[in-house]
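Asker: no sequence for this one, just the structure:
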């Protein structure tokens, strides 16, 4: 797998109160980094996925993902929140402190999407990885670690 994570896709010290604010931030930034052409369509794709079931995982992590034809390049973004977001709907009921978002072109929904989602899920099973993501303040190191693990 290629380089899906750039240091510019790491957003730290975000002060959002709701999942909606976090998803809006991801959607708006998908245009500027640039992974997509239409932030409203990206937001709608995030919402469609959230309606299927919460993307909040365990221990303060979430994996929101959007699949849309307005997304032209697959990518991964990370959001680290100053205050955990309580309304995400995590599997263990914990508020979300870190979101690892996947943005996937529709044409790659059954290939790249499945591979990325499965590799991110495996990463989140690793306590060392979770601790690293929670504590690291260096966007370059975060991007490098995720790309290395995606390539493995």
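Answerer: Now that the structure is in, tell me what you want to look at. Quick caveat, the model's predicted, so the values are computed rather than measured.
Asker: For the protein, give me the ranges with low pLDDT.
Answerer: 1-2, 109-113 (pLDDT under 70).
Asker: Tell me where it has helices.
Answerer: 19-32, 39-52, 112-124, 127-135, 139-151 (DSSP state H).
Asker: quick one, which of those helices is nearest to residue 90?
Answerer: The stretch from the helices of the chain with the least distance to residue 90 (C-beta to C-beta) is helix 19-32; that distance is 10.4 Å. Using the backbone N, CA and C atoms, a C-beta is placed for each residue, glycine as well.
Asker: What lies in contact with that closest one?
Answerer: Residues outside helix 19-32 that contact it (C-beta atoms under 8 Å, 6 or more residues apart in numbering) are 9, 11, 14, 16, 36-40, 42-43, 46-47, 50, 64, 66, 71, 75, 77, 79, 81, 85, 87-89, 96, 99, 101, 103.
Asker: Could you say which of the helices of the chain is packed most deeply?
Answerer: A comparison of the helices of the chain by mean neighbour count, using mean count of other C-beta atoms under 10 Å, puts helix 19-32 on top with a mean of 19.
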